[in-house]
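> What follows is a predicted protein model with its sequence.
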There are 2 protein chains.
Amino acid sequence: MTPETEIVTTIFKDLSFKPEEIQLLVCSFEKLHLPKNSLLLEADQQVYDQYFVAEGCLRTYYIAPDGKEHTVQFAIADWWISDYTAFFNSSKALMHIECIQEATLYKISKNDMESLYQAMPRLESYFRKKMERAFASFQKRIIANLSQSATERYLNFIHTYPNIEQNVKNYHIASYLGITTQSLSRIRKELVQA
Amino acid sequence: MTPETEIVTTIFKDLSFKPEEIQLLVCSFEKLHLPKNSLLLEADQQVYDQYFVAEGCLRTYYIAPDGKEHTVQFAIADWWISDYTAFFNSSKALMHIECIQEATLYKISKNDMESLYQAMPRLESYFRKKMERAFASFQKRIIANLSQSATERYLNFIHTYPNIEQNVKNYHIASYLGITTQSLSRIRKELVQA
DNA sequence: CAAAAAAGTTGACCTATGGTAATAAACTAC
DNA sequence: GTAGTTTATTACCATAGGTCAACTTTTTTG
């Protein structure tokens, strides 16, 4: 396996490709390394790309007018990350993306994605299904936010994403759950005592 | 225009089709009428279908273990509705779908959808893009739930969905916003006074 | 149109979570 | 290993929104 084809087998584990397809895929992606605490994207920037996380941990967060941060998404190995609202509309980012753990990413532009879809319809199927799963999990999160207490949401989070919990600070988790770090701290204390 | 092709031009306004494609589409959809207050879907039922709303108003809601209802989605003309988590996974519904205003729907099964995607890849593009927009709007809702007060979310709702507001009860809106009817009532009172 | 049912409002009180601030603990870097 | 910085905890008070219960208004139905 050449270093180039590594990209393809890493990102599209479940698919197989003809040599010329591999060539096309390899040309569409760009590998990049990101140090801890760096910003991959800032609000108001034009969003051309989405990123596949090969290694590391990142988060997408929104800064409200009052200055408070709200984490919308974490991403660890095998996840995709971007400001998707902006990416899909080719518009400017509302959110920031921060590297939480030193990361290796594969970047691809929206234009190149669309070309790949044209060239390989089964790729479009693949991403449509990914999109469907992402949609379903966001829907679950909305339900959770509407129906559960902060304690329930926290338990649910550490149960569902144990690999993320290990990589991120408690204040990242708090901002994902929609509570303050102080509240999370109280919740954690109660859980230890119980 | 025959009554059959009406389905196609209603649902896929932006696309054009060959006669044999229209035939295929027409065979895949089933038209149905739904009276006000009826249930289109109940939790625990197997979900095979999604529905295009030609007319009327429906809502998808989740009933939490404590018995409280949480509205996840409204749908008016031109929207699609289902329990998508269950539809995508061909699993059992977590949610209920209720007809709020007498409705005309076009129903299609997941299997038929997949066949259509095979036969017409541009249909898959069409739905992938729809999915992307739905994903983006759910993301915005998560951000709103995390960062805004109940009053802000209410104002945002009536501004964004004036056509829905007219069709639904206040307690539907409250359950969509994640507050009680009493709180919504207080919020409305304050807004009138201000 | 009258009665019944459903929806919406209001008030008194309660609770989960937020805000501020001080402190402690855990990392980081020299 | 110590100083400095970042992160987490704790305490005390404030507040948005929830709960319960009564009441009013609107809608539905015969």
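Right, received. Where do you want to start?
> Run through chain A and note the low-pLDDT ranges.
A:1-3 (pLDDT under 70).
> Could I get the full set of strands for it?
Along chain A, the stretches classed as strands by DSSP state E are A:30-34, A:39-41, A:49-63, A:69-75, A:80-81, A:95-109.
> quick check: angle from the last one to strand A:30-34?
Read it as strand A:95-109. Interaxial angle, strand A:95-109 versus strand A:30-34 (axes from the mean of the first three to the mean of the last three C-alpha atoms, to 10 degrees): 150 degrees.
> May I see the buried residues of stretch A:17-28?
Neighbour-count burial for stretch A:17-28 flags A:17, A:21, A:22, A:24, A:25, A:28 (criterion: 16 or more other C-beta atoms under 10 Å in any protein chain shown). Using the backbone N, CA and C atoms, a C-beta is placed for each residue, glycine as well.
> scratch that, stretch A:73-81 is what I was asking about
With burial defined by 16+ other C-beta under 10 Å, the residues of stretch A:73-81 counted as buried are A:73, A:74, A:75, A:76, A:80, A:81.
> what's the burial count for the nearest residue to residue A:71 once chain neighbours are set aside?
In this structure, residue A:71 finds its nearest non-sequential neighbour in residue A:176, 4.0 Å apart by C-beta to C-beta, 6 or more residues apart in numbering or on different chains. A count of nearby residues for residue A:176, using other C-beta atoms under 10 Å in any protein chain shown, gives 25.
> Identify the residues contacting residue A:176.
The neighbours of residue A:176, taking C-beta atoms under 8 Å, 6 or more residues apart in numbering or on different chains as the test, are A:59, A:70, A:71, A:72, A:74, A:157.
> The strands of chain A into a markdown table, with extra columns for distance to residue B:93?
Shown next, in a markdown table, are the strands of chain A (distance: least, C-beta to C-beta, whole Å):
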| stretch | distance to residue B:93 |
| --- | --- |
| strand A:30-34 | 41 |
| strand A:39-41 | 37 |
| strand A:49-63 | 30 |
| strand A:69-75 | 26 |
| strand A:80-81 | 28 |
| strand A:95-109 | 32 |
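> which stretches of chain A form helices?
Taking DSSP state H as the criterion, chain A contains helices spanning A:3-11, A:19-28, A:84-89, A:110-119, A:121-147, A:150-160, A:162-165, A:170-177, A:181-193.
> before we move on, back to that, closest one to DNA strand D out of the buried residues of stretch A:17-28, please.
Comparing those against DNA strand D with C-beta to the nearest atom of the strand places residue A:28 closest, at 34.8 Å.
> Touching, the closest one and residue A:115? I think so.
Yes: counting by C-beta atoms under 8 Å, residue A:115 is a contact partner of residue A:28 at 7.4 Å.
> Enumerate the residues of chain A near chain B.
Neighbours of chain B within chain A, by C-beta under 8 Å from any C-beta of the partner chain: A:62, A:64, A:68, A:70, A:72, A:84-85, A:88-89, A:94, A:117, A:121, A:124-125, A:127-129, A:131-136, A:138-143, A:145-148, A:175, A:178.
> Just the buried ones from the residues you listed?
A:62, A:70, A:72, A:84-85, A:88, A:94, A:117, A:121, A:124-125, A:127-128, A:131-132, A:134-136, A:138-143, A:145-148, A:175, A:178.
> Would you mind writing the CA trace of stretch A:80-96 as CSV?
In CSV, the C-alpha atoms belonging to stretch A:80-96 read as follows (Å, rounded to 0.1, in the frame of the first residue of the first chain):
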residue,chain,number,x,y,z
TRP,A,80,-15.9,14.3,10.0
ILE,A,81,-15.9,17.9,11.2
SER,A,82,-16.7,21.3,9.7
ASP,A,83,-19.1,24.2,10.2
TYR,A,84,-21.6,22.3,8.2
THR,A,85,-24.2,25.0,8.0
ALA,A,86,-21.6,27.2,6.3
PHE,A,87,-20.0,24.3,4.3
PHE,A,88,-23.3,23.2,2.8
ASN,A,89,-24.3,26.7,1.8
SER,A,90,-20.8,27.8,0.9
SER,A,91,-21.2,30.6,3.3
LYS,A,92,-19.3,32.1,6.2
ALA,A,93,-18.7,30.2,9.4
LEU,A,94,-20.9,30.9,12.5
MET,A,95,-18.6,28.7,14.6
HIS,A,96,-15.1,28.1,15.6
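> can you tell me the distance between the two ends of stretch A:14-25?
Using C-alpha to C-alpha, to the nearest Å, one end of stretch A:14-25 lies 15 Å from the other.
> Over to stretch A:72-84?
End-to-end distance for stretch A:72-84, by C-alpha to C-alpha: 11 Å.
> what residues does it touch?
A:40-41, A:47, A:49-62, A:93-95, A:97, A:100, A:130, A:161, A:163-164, A:167-168, A:172, A:176, B:132, B:135-136, B:139, B:142-143, B:146.
> change it to 7 Å
Applying C-beta atoms under 7 Å, 6 or more residues apart in numbering or on different chains, the external contacts of stretch A:72-84 come out as A:41, A:47, A:49-55, A:57-62, A:93-95, A:97, A:163-164, A:167-168, B:135-136, B:139, B:142-143.
> Within range of DNA strand D, give me the residues from chain A.
A:169, A:170, A:171, A:181, A:182, A:184, A:185, A:186, A:188, A:189 (C-beta under 7 Å from any atom of the strand).
> repeat that for 10 Å
By C-beta under 10 Å from any atom of the strand, the residues of chain A that approach DNA strand D are A:37, A:100, A:146, A:149, A:168-175, A:180-190, A:192-193.
> just those residues that are near DNA strand C?
The residues of those that also fall near DNA strand C, by C-beta under 10 Å from any atom of the strand, are A:37, A:149, A:169, A:174-175, A:180-187, A:190.
> now the closest residue to residue A:163 other than its chain neighbours: how far from residue A:59?
The spatial neighbour of residue A:163 that comes closest, neighbours along the chain excluded (C-beta to C-beta, 6+ apart), is residue A:76 at 5.7 Å. Distance from residue A:76 to residue A:59, counting by C-beta to C-beta, to the nearest Å: 10 Å.
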